[in-house]
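*Asks:* pasting the sequence and the predicted coordinates here, then a few questions.
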Amino acid sequence: MSAMLARNEAALRAYLGRILGWSGERAQAIEHALRSIHLSVSHCATLVVLGDTDPVPIAHALHCRTLGADRPFVVCDPRRRSNMAPATGRVPTSYKRGATAVRAAQGGSLCVRRRRLPRDIASSAALARDPSVNVQIIVCGAVHSASDPFVALLVPILVPALTTRASEVPRIVDEYAADAIGRLGADESCFTDLDRRWTLDHAAGSLAEIEKATLRLVALRMAGSITQAAKRLRMSRVALWQWFGRRGRWIPRGKGVE
């Protein structure tokens, strides 16, 4: 077990409640997830994360809470252009070739999509099995992969659709907003009731969308303008403007926003 995981298991358990559900019937799912994470961090098994939307952001969040945000988190996806620059909050480092990705992920996590395995999967798997290679492997897939033989033994982290957790979504928004405030060093006033309502109405289709929306809203309140918020988020002004525009063509106004 990583030292960070041992120190932060309570916080990890709280995060698992956020993504899996807080009801009593979800308690077993959380315990199974914790066991799977412990086995993965100790390199005894591959961690499998399944969801009805792209689980990679959840895989990244688990990586940050178990190994640490300072450790490399690398995605291997042969369909995406290789991005060998250091990961940002928006785009993780990515490679097309598995062997290259394994080496880049040394000391951290390598994330692959079940349906987009690299062509050199055999050689990269052999490399990852080398005892001297310190890499956590995370496989992301769709919900229907839960019946795949590759997850017969280790219980996958199966993230339920938010449509099944309607009553919990406001709390999920508040928790992601608190994360955004902490991450950006913002004041609590930088996420308002208006922002909460806007997120629920326009950007609550998935956990990843809520995470993105709360971070961008907090940055907007802090910076006071789209231009300055985009700089804080390390993205272009046009991209941020268009993101808001696709969600109702209305940018939340209020205290501190021009």
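*Replies:* That came through fine. Numbers count the residues shown, from 1 in each chain.
*Asks:* quick check, residue 48 in a strand?
*Replies:* Yes. Counting by DSSP: H, G, I helix; E, B strand; the rest coil, residue 48 falls inside a strand.
*Asks:* you'd agree it is up against residue 143?
*Replies:* No. Taking contacts as CB atoms under 8 Å, residue 48 lies outside contact range of residue 143: 11.6 Å. Quick note: C-beta positions are derived from backbone N, CA and C, even for glycine.
*Asks:* residue 52 touches residue 144, doesn't it?
*Replies:* No. Using CB under 8 Å, residue 52 is not in contact with residue 144, being 9.5 Å away.
*Asks:* show me the shaky parts of the stretch 151-258 of the chain.
*Replies:* 151-153, 249-258 (pLDDT under 70).
*Asks:* what are the boundaries of the helices in it?
*Replies:* 169-184, 193-202, 207-223, 226-233, 237-245 (DSSP state H, counting those that start in this stretch).
*Asks:* who's more crowded, residue 52 and residue 144?
*Replies:* Between residue 52 and residue 144, residue 52 has the larger neighbour count (other CB atoms under 10 Å), namely 16 against 9.
*Asks:* how near is the more buried one to residue 80?
*Replies:* Residue 52 sits at a distance of 21 Å from residue 80 (criterion: CB to CB, to the nearest Å).
*Asks:* also residue 227?
*Replies:* From residue 227 to residue 80 the distance is 28 Å (CB to CB).
*Asks:* more neighbours: residue 48 and residue 143, which one.
*Replies:* residue 48 (25 against 16).
*Asks:* give me the spatial nearest neighbour of that one, chain neighbours excluded.
*Replies:* Leaving aside its sequence neighbours, residue 48 sits nearest to residue 156 (CB to CB, 6 or more residues apart in numbering; 3.8 Å).
*Asks:* phi first, then psi, for residue 18.
*Replies:* phi -60, psi -40 (degrees, to the nearest 10).
*Asks:* check which helix or strand the closest residue to residue 77 other than its chain neighbours maps to.
*Replies:* Leaving aside its sequence neighbours, residue 77 sits nearest to residue 116 (CB to CB, 6+ apart; 5.2 Å). Using DSSP states H and E, residue 116 falls within no helix or strand.
*Asks:* strands of the protein, start to end?
*Replies:* For the chain, the strands defined by DSSP state E cover 47-51, 73-76, 93-95, 109-113, 136-142, 157-158.
*Asks:* report how many residues lie close to the residue nearest to residue 181 when sequence neighbours are not counted.
*Replies:* The shortest distance from residue 181 to any non-neighbouring residue, by CB to CB, 6+ apart, is to residue 218 (5.8 Å). By other CB under 10 Å, 30 other residues sit near residue 218.
*Asks:* residue 218 reaches residue 188, doesn't it?
*Replies:* No. Contact criterion CB under 8 Å: residue 218 and residue 188 do not qualify, at 9.8 Å.
*Asks:* so for these two, which residues contact both of them?
*Replies:* residue 181 (CB atoms under 8 Å, 6 or more residues apart in numbering).
*Asks:* contacting residues for the residue positioned nearest the centre of the chain?
*Replies:* Nearest to the geometric centre of the chain sits residue 57, at 2.3 Å (CA atoms, centre = their mean). Residue 57 makes contacts with 207, 208, 211, as judged by CB under 8 Å, 6+ apart.
*Asks:* and which of these is nearest to residue 132?
*Replies:* residue 208 (34.0 Å; CB to CB).
*Asks:* does that closest one touch residue 51 like I think?
*Replies:* No. Using CB under 8 Å, residue 208 makes no contact with residue 51, being 9.0 Å away.
*Asks:* from residue 94, how far out is residue 73?
*Replies:* 10 Å.
*Asks:* the two: who's more crowded?
*Replies:* residue 73 (25 against 21).
*Asks:* for the more buried one, list the residues it contacts.
*Replies:* 60, 63, 64, 87, 92, 93, 105, 108, 109, 111 are the contacts of residue 73 under CB under 8 Å, 6+ apart.
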